[in-house]
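J.: Requesting a structural model of the entry that follows:
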Amino acid sequence: MTKHPDLLWLNLSPSLECFNRPLLNYLSQTLKIGIWEYIQTPDEPTSLDVPLVLLHDYLKNQDRPVDLIGHSLSGFLGLLYAQRYPERVKSLTLLAVAPRSALDWQAHYYALFETIPCSRQTILTQMVYNLFGYQCKKKIPSFIEILEQDLLSSPSTYSLFCQSNLTFQSVSVPLFVCGSRDDMVVDPYQFKGWQTFLNRGDRLWQCPKGRHFFHYYYPQDVGEQILQFLGSNVKLSLINA
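T.: Next up, the predicted model:
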């Protein structure tokens, strides 16, 4: 059997990996971190079915259940997996994940594209400000390039032609959901919707600011909360054993 990491980071958006790095670096000081990554090719249909199968192919070879973590759409993949295969998931940590759908930044991008008569470049510039806050003009092109790459390589279930109808039910594994109070993708109202799905031992936590990529701007604050949750999860497992 393959020896598994302490925490497995799910990544469906390789172009956005740079925004995960500060948190991963912080967590790696305490935990052995593994990264599971999926890159969608242009010829593949936009769906979470393929990455879900591939993730199961990987995790079924692990010697025991694993703690999963993911941001946005990657976190939603973890939710779907935990719903189908709870026996293979020790706990699930979600960052900027909506409680009732696979909502991601691309959903807002396409909504603007449909309603506002602007160029692609103008809308992407607006998305940079929405997702990351104020940026100096010299940095805008690099942010836009990253978002454009994600539009091409991420299996987002939103496009001009269709919108996601994926939903999920409560999961039985310990759950920790993190958000940001100024996130425009998963706003505070949507974040409160998680309360319906919480079980004993589950936790909700909001970063005071940081927008959709709050874990990039505040890796230590987010990391400390994650480590506390994982530690509590271990203690609860010992009590129930």
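J.: Could you give the bridge partners of the residue most central in space within the chain?
T.: The chain has residue 71 as the residue nearest its centroid, 1.6 Å off, counting by CA atoms, centre = their mean. Under DSSP bridges, the beta-bridge partners of residue 71 are residue 95.
J.: from now on call the first residue 526
T.: Yes, from this point I'll number from 526; that puts the last item at residue 596.
J.: surely it meets residue 545?
T.: Yes: counting by CB atoms under 8 Å, residue 596 does reach residue 545; the two are 6.6 Å apart. Glycine gets a C-beta too; all of them are placed from N, C-alpha and C.
J.: List the buried residues in stretch 664-680.
T.: Within stretch 664-680, the residues that count as buried by 16 or more other CB atoms under 10 Å are 665, 668-669, 671-672, 675-676, 678-680.
J.: from these, which two are the most distant?
T.: Using CB to CB, those reach their maximum pairwise distance at 665 and 680, which is 26.1 Å.
J.: before we move on, the earlier item: overlap in contacts of residue 596 and residue 545?
T.: residue 740 (CB atoms under 8 Å, 6 or more residues apart in numbering).
J.: Residue 695 and residue 654, how far apart?
T.: According to CB to CB, to the nearest Å, residue 695 and residue 654 sit 35 Å apart.
J.: Kindly report the same for residue 560.
T.: Residue 560 is 29 Å from residue 654, by CB to CB.
J.: Repeat that for residue 595.
T.: Separation of residue 595 from residue 654 (CB to CB): 25 Å.
J.: In terms of neighbours, single out the busier of those two.
T.: residue 595 (26 against 14; other CB atoms under 10 Å).
J.: Nearest spatial neighbour of that one, chain-adjacent residues omitted?
T.: Spatially, and ignoring its direct neighbours in sequence, residue 595 is nearest to residue 535 (3.8 Å; CB to CB, 6 or more residues apart in numbering).
J.: can you check residue 529 too?
T.: residue 587 (4.2 Å).
J.: Quick check: phi and psi at the one you found.
T.: Main-chain torsions, residue 587, degrees, to the nearest 10: phi -80, psi 150.
J.: The closest residue to residue 633 other than its chain neighbours: what's it in contact with?
T.: Leaving aside its chain neighbours, residue 633 sits nearest to residue 710 (6.1 Å; criterion: CB to CB, 6+ apart). Going by CB under 8 Å, 6+ apart, residue 710 touches 597, 621, 623, 628-630, 632-633, 656, 737.
J.: let's go with 7 Å and repeat that
T.: The neighbourhood of residue 710, defined by CB atoms under 7 Å, 6 or more residues apart in numbering, consists of 621, 628-630, 633, 737.
J.: next one: residue 602
T.: For residue 602, the contact set (CB under 7 Å, 6+ apart) comprises 535, 537, 573, 576-577, 580, 595.
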